[in-house]
Each structure stands twice: as C-alpha cells, then as structure tokens.
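In: Predicted model, plus sequence, below.
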Amino acid sequence: VMADDPNEVEDMVSICNALVINIGTLNERTVASMIKAGKRANALNIPVVLDPVGAGATPYRNRTLAELLDVGVPAVIRGNGSEIMSTANTAIKTRGVDSSASADDALDAARALAVRIAGTVCVSGATDHIVHADGRHARLSNGHVWMTRITGVGCSLSALIGALCAVQSNAWRATVAGMAWMGVAGEIAAAKAQHMGIGSMAVLLLDAVHQLHREEFISRLKLSVADN
C-alpha cells in the first residue's frame, strides 16, 4: 500500500510486515509521514527499508535523510554509489538519481553506514555489494546495462527487498535474495528485448520476475559471499 498521508501512516504501518521509505518525491507532507512511519515501525520492530533516492542532490534532501536516520533506524538501506556515499556523509557529486560513483567506490562508505545503523547496506551497480555491520559481504554480478535505461528499477528493487524482509527475518539474506532475483530477471528480459527494443524492457523485466524458475535462477546466479 503506497500510503503517504500523515493521518493514516501510523495505523497502516501497524498492520504491515515491512515498511519501505522512498524519498524520491519529497514535500513537507510526505516527509512528516515518513518520520511518523519510521518511528512507528521501529516501535513495533517492523523492518524498514530506506531508499535514499537522489541523496546529495539538494540540502533539503540531505537534511531529510539525516532526520529519517535519527528517528527511524532502517534495517536496510539500498541505493547507487553516489546515494550511499552521500547518505554516509561522504562528499560526492550526484546528478539526481544517476550515480557519479561506482558501487566499488562506495564500498567503504557502505560499510561505515552499515555499522552506523547496525544493519544492512546495499550498493547497486555493475557489481552489487550487500554488506552488514557484522562483516558479511555479498557480491552479485548479475544484471544488464539496459536495466539502467528504464525508469523505476531501483525503486522496484527496494520494494522487492521490503517484501522479502516481510517473510525473511534476516534482512541481509532478504536483500541478497532480492538483488539476485532482479539481477537474473534483468538478464533474461534483456536477452528478449534485444530483438524488440528498449521500450519493451520494462514489461519483459516484470514478466521475468514473475516467471523465473528455480533451476534457471541457480544456473545463472553469480554470487560470492565473504566474512570480512
């Protein structure tokens, strides 16, 4: 449910199994709702997934992120390299939702941020990094460049991670699973879209997420895990 009114978010959170906070479309009303929702989720021990869309783009966005981190600690933060570095208070130039830093560049910032929230931080990129405060580090090399050329893949990833956090109590595992699932689905969709065009990619990606079979997922998965 995409509830964003201050009058109902606390009640809505109370009947949910996970909360996803996406700061893509900020205004005073939605910020107030995000703060209320984050506080309520923390009070009820409901996992929160934070997507810091466009972090670093404006002072208002940065202030909002800082307040959200103070009042409602997320179990997972997922963003691109620039967004993670900005959220971790690392100086970086960002261009809206596009990343001017690679996932590898943001790795140290991701580790520091994971320790700060005592949770999981995911950096999306050509190689996805999913790190935890306890030192666990997963690398995923699935996906396709066309996933960066359609709108909403990052936001969909955060929503998928939220859905998985609702059924998997280990947020790090849920995040790895969500990123892997979408990455493999992206490869399948891109292979079909090559014969049709970039405009078909979004629909084919949704189909691939729905139709992905266990055997194909396992055969395509490019995952490495380490304890640092």
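Out: Ah, there it is.

In: Pull out the buried positions in the helix ranked longest in the chain.
Out: Taking DSSP state H as the criterion, the chain has its longest helix at helix 171-193. Within helix 171-193, the residues that qualify as buried are 171-190, 193, counting by 16 or more other CB atoms under 10 Å. Just so you know, the C-beta spots here come from the backbone N, C-alpha and C atoms, and that holds for glycine as well.

In: which sections of the chain are below the confidence cut-off?
Out: Flagging of the chain using pLDDT under 70 yields the residue ranges 90-104, 228.

In: Residue 111 sits in which helix or strand?
Out: Per DSSP states H and E: residue 111 is located in helix 107-117.

In: and the residue nearest the centre of the chain, what element?
Out: Nearest to the mean C-alpha position of the chain, counting by CA atoms, centre = their mean, stands residue 78 at 3.0 Å. Per DSSP H and E: residue 78 is located in strand 76-80.

In: who's in contact with that strand?
Out: 47-53, 55, 84, 87, 97-99, 101, 103, 106, 113, 117, 119-125, 154, 157-158, 161, 165, 171, 174-175 (CB atoms under 8 Å, 6 or more residues apart in numbering).

In: follow-up on the earlier one: what's the helix holding residue 111 in contact with?
Out: 69, 73-75, 77, 84-85, 87-88, 90, 120-123, 129, 131-133.

In: For residue 3, see how far away residue 214 is.
Out: 33 Å (CB to CB, to the nearest Å).
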